[in-house]
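Trainee: Okay, sequence plus prediction incoming.
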Amino acid sequence: MEHTADSNDIAIIGGGICGLTTAIALEQRGLSPTVYEAASEYRPVGAGILLQTNALLVFERLGIADRIQSAGVVLDDTRILSPSGRVLQRFDLDDVERTYFDYGYVAIHRGDLQRILLDELDVEVRTGKACTAVDDTDSPTVRFEDGTRIHPDIIIGADGINSNVRDAVAPETEIQARDTAVYRAVTTCDLPGQYQSTGLEVWGHGTYTGGAPIGSDRFYWFATVPNRFEPATSNRQNRTDWVREYYSNFPEPIPTAIESFGSDDIITTGLTDVPKLEQWYRGSVVLAGDAAHGMLPFAGQGAAQAIEDAVALATALTTRADPTAAFETYERERKQRAGRIRTESRWLGSLGTTQSYFAYRARNVGVNLLPDSVVRYVRRNRITNTSLSEKPIGDSTSVPWSG
Ligand SMILES: Cc1cc2nc3c(=O)[nH]c(=O)nc-3n(C[C@H](O)[C@H](O)[C@H](O)COP(=O)(O)OP(=O)(O)OC[C@H]3O[C@@H](n4cnc5c(N)ncnc54)[C@H](O)[C@@H]3O)c2cc1C
């Protein structure tokens, strides 16, 4: 049995985007958390991810935005297209994001992002440590699948949408499944010049597909696929054949990207989100990232919100008088904003995946007619409200509540 007794012993359960970013933010503020990750090792696998301006602003605070931009592709614009290739909306990222906030969007391979976050850390990241339960939130014990236990002072549950730590904070939570899956793949292909710095979404009838370049010859593709197509997509080979056939007449670079991937390349994920939780903490246990507010991917904000959580939580823990006050401050700062974006993502998901032909046509006409002023307002507003730490990073703080 492992036992820890330091009064500022912090265990982060889950070493994904949220857990690692939280560890960096805490370390930069003079604390030494330990990260416990279920996977037996970190491997450079997975899909791509789009980091929007608010995520990059947080990474700037942590001093790693430049590294992230260099490892990914800094996009010039993103576009919403109809299946015939008509541009329904174009977001020129110089126009709002870079002009007012210095950062646009970066498309990056998840493995590359993970490597940068791990490189930034000096604290211990222990792999092969799957948490099975947290007992007694006031004087908590974490139990792991390998039979070991720890007794940290504070537990940060960053173990994703199917969080086990959440059972100790909000045991009644049932994650909500949608009748749609997402397919994702990273392909190696020669993209024509005009697609090398453009992110795109194609809003089709019943499906929502798109992607972005994540390197000079790498493209990250995604598509939503309603569960009714399951019989045609039940194994790897017929799934790939179905995808090629279904999207063959979609606008480029979708067909080119799809042609270049093999039958093992598609990652399939069922779409789920976490309902609003009454509280994000109980006793000495607090939730962050998808564990607290896992959302549908349509706003492209799940990771960005997890990254905002990381700095807000680290700031609260290093500036408030005791952990309870810190958790209250963190929850106050983050819960409403993350909840609003989760609702927005649901709404976009309903619009984006509608199965009704009439609603699909009306949606695409409506998106095309949206006034520029409204679109610009929404884009600015989301970034203006980013939860950023008020305290300068790099200034190591004494921890008020540590003994
Ligand atoms: C299809 C899709 C596309 C998306 N695209 C975007 C996008 O473009 N932009 C964006 O901002 N967001 C996007 N998201 C959302 C984003 O992926 C998540 O919000 C983000 O990964 C959340 O980070 P997290 O660290 O909270 O959880 P996770 O990334 O799920 O990480 C959790 C970590 O905890 C570990 N873990 C799990 N259980 C345990 C356990 N019991 N014990 C110990 N460790 C455990 C896992 O192995 C993992 O490393 C997308 C999501 C989906 C499904």
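Mentor: Cool, the structure landed.
Trainee: Figure out the helix or strand that residue 223 lives in.
Mentor: Assessed by DSSP states H and E, residue 223 sits inside strand 218-226.
Trainee: Please save the CA atoms from the helix or strand following that strand in CSV.
Mentor: Per DSSP H and E, the first helix or strand lying C-terminal to strand 218-226 is helix 236-246. Extracted C-alpha coordinates of helix 236-246, given in CSV (Å, rounded to 0.1, in the frame of the first residue of the first chain):
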residue,chain,number,x,y,z
ARG,A,236,-13.5,-2.1,-40.2
GLN,A,237,-13.4,-2.9,-43.9
ASN,A,238,-17.1,-2.2,-44.7
ARG,A,239,-16.9,0.9,-42.5
THR,A,240,-14.1,2.3,-44.7
ASP,A,241,-15.8,1.3,-47.9
TRP,A,242,-19.0,2.9,-46.7
VAL,A,243,-17.2,6.1,-45.8
ARG,A,244,-15.5,6.3,-49.2
GLU,A,245,-18.7,5.8,-51.0
TYR,A,246,-20.8,8.1,-48.9
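Trainee: tell me the angle helix 236-246 makes with strand 218-226.
Mentor: 90 degrees (axes from the mean of the first three to the mean of the last three C-alpha atoms, to 10 degrees).
Trainee: what mean pLDDT does helix 236-246 have?
Mentor: Mean pLDDT, helix 236-246: 86.
Trainee: Check stretch 361-369 too.
Mentor: On average, stretch 361-369 scores 93.
Trainee: in that stretch, what counts as buried?
Mentor: By neighbour count on 16 or more other C-beta atoms under 10 Å, the buried set for stretch 361-369 is 363, 364. In short, each C-beta sits where N, CA and C put it, glycine included.
Trainee: any low-confidence regions in this structure?
Mentor: For the chain, applying pLDDT under 70 flags the ranges 1-7, 231, 389-403.
Trainee: ok, and the closest non-adjacent residue to the residue of the stretch 301-403 of the chain at minimum distance from the ligand?
Mentor: Residue of the stretch 301-403 of the chain nearest the ligand, by C-beta to the nearest ligand atom: residue 302 (2.3 Å). Nearest non-adjacent residue to residue 302, counting by C-beta to C-beta, 6 or more residues apart in numbering: residue 295, 5.2 Å away.
Trainee: neighbours around the one residue in the stretch 1-150 of the chain that gets nearest to the ligand, how many?
Mentor: Nearest residue of the stretch 1-150 of the chain to the ligand, counting by C-beta to the nearest ligand atom: residue 16, 2.1 Å away. When neighbours are defined as other C-beta atoms under 10 Å, residue 16 has 22 of them.
Trainee: isn't it right next to residue 160, touching?
Mentor: Yes - look at residue 16 against residue 160 with C-beta atoms under 8 Å: they come within range, at 6.0 Å.
Trainee: which ones are touching residue 166?
Mentor: 157, 159, 173, 277, 287, 291, 292 (C-beta atoms under 8 Å, 6 or more residues apart in numbering).
Trainee: give the contact list for the first one.
Mentor: What that stands for is residue 157. Contacts of residue 157 (C-beta under 8 Å, 6+ apart): 13-14, 134, 163-166, 168-169, 285-288, 291-292.
Trainee: hmm, back to that, what's the overlap in contacts for residue 16 and residue 160?
Mentor: Going by C-beta under 8 Å, 6+ apart, residues that sit against residue 16 and also against residue 160 are 289, 290.
Trainee: which among the contacts of residue 166 gets closest to residue 369?
Mentor: residue 292 (36.2 Å; C-beta to C-beta).
Trainee: Does that closest one touch residue 274 like I think?
Mentor: Yes - with contacts counted by C-beta under 8 Å, residue 292 reaches residue 274, the gap being 7.3 Å.
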